[in-house]
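J.: let me see the structure of the following:
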Amino acid sequence: MLIEGLLAELKSIQLFFETSCDCLQEKDSGYAPQEGMYTVVNHVAHTAQTVDWFIDGMLSPNGFDMNFEKHIQAALTCTSLTEAKAWFAKSLSTAAKTISSKTEEELRAPLPAGPIMGGAPRLVVIGAISEHTAHHRGALAVYSRLLGYEPKMPYGEM
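T.: Predicted structure coming up:
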């Protein structure tokens, strides 16, 4: 039952994120409200990458890779919104496959000590993915409005 709930949460995360930024188009990839801010594509790529980061950290005996500069640079290499959206979908699919492959006991095992949820059950990464993704879909909804679009309500039918 626990695993089914986590998988349902991942499905919701994907639906809410994709619905929220559905109005954005490839031509909007490079848009940022001001110089030095993430572009549309940077938000989506970073969000996808962070799903991967949480899942990798959940499984690593050493915890989370804290080299954030390396992660930021990798996300900045993505320049296509289409590519970034595909990355996000793949990341959520990989996360679901990973969760499906674990036992409840494995998911309840503690994360390694460290600054990111150290000692908490591994399954808490799904909540962290949800929170982080919500933060970026909110930013993308603001970007959408600044571009003259009206983002869809994300909480539609599941």
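
J.: now do the longest helix seen in the chain: which elements does it pack against?
T.: Using DSSP state H, we find that the single longest helix of the chain is helix 124-146. Other elements packing on helix 124-146 under the criterion 3 or more CB pairs under 8 Å, 6 or more residues apart in numbering; DSSP states H and E are helix 2-20, helix 40-59, helix 81-100. Backbone N, C-alpha and C define where each C-beta goes, glycine included.

J.: quick one: buried residues of the helix or strand where residue 69 lies?
T.: Per DSSP states H and E: residue 69 is located in helix 68-76. By neighbour count on 16 or more other CB atoms under 10 Å, the buried set for helix 68-76 is 71, 75.

J.: follow-up on the earlier one: what's the most buried one of the helices and strands packed on helix 124-146?
T.: Ranked by average neighbour count under the criterion mean count of other CB atoms under 10 Å, those are headed by helix 40-59 at a mean of 22.

J.: what packs against that helix?
T.: Where contact means 3+ CB pairs under 8 Å, 6+ apart, helix 40-59 is packed against helix 68-76, helix 81-100, helix 124-146.

J.: can you pull the contacts of the nearest residue to residue 153 once chain neighbours are set aside?
T.: Computed as CB to CB, 6 or more residues apart in numbering, the closest residue to residue 153 that is not its neighbour in sequence is residue 19, at 7.6 Å. For residue 19, the contacting residues are 151, 152, 153, 154, 156, by CB atoms under 8 Å, 6 or more residues apart in numbering.

J.: which pLDDT value belongs to residue 19?
T.: Note on residue 19: pLDDT of 95.

J.: how close does it get to residue 70?
T.: Applying CB to CB, to the nearest Å, one obtains 31 Å for the distance of residue 19 from residue 70.

J.: how distant is the lowest-mean-pLDDT helix or strand in the chain from the center of its chain?
T.: Every helix and strand of the chain was ranked by mean pLDDT, DSSP states H and E. The lowest is helix 68-76, at a mean of 90. Relative to the centre of its chain, helix 68-76 is centred 14 Å away, using CA atoms, centre = their mean, to the nearest Å.

J.: from the contact counts, what lies against it?
T.: helix 40-59.

J.: could you check the angle helix 68-76 makes with the helix it packs on?
T.: Between helix 40-59 and helix 68-76, the angle comes out at 130 degrees (axes from the mean of the first three to the mean of the last three CA atoms, to 10 degrees).
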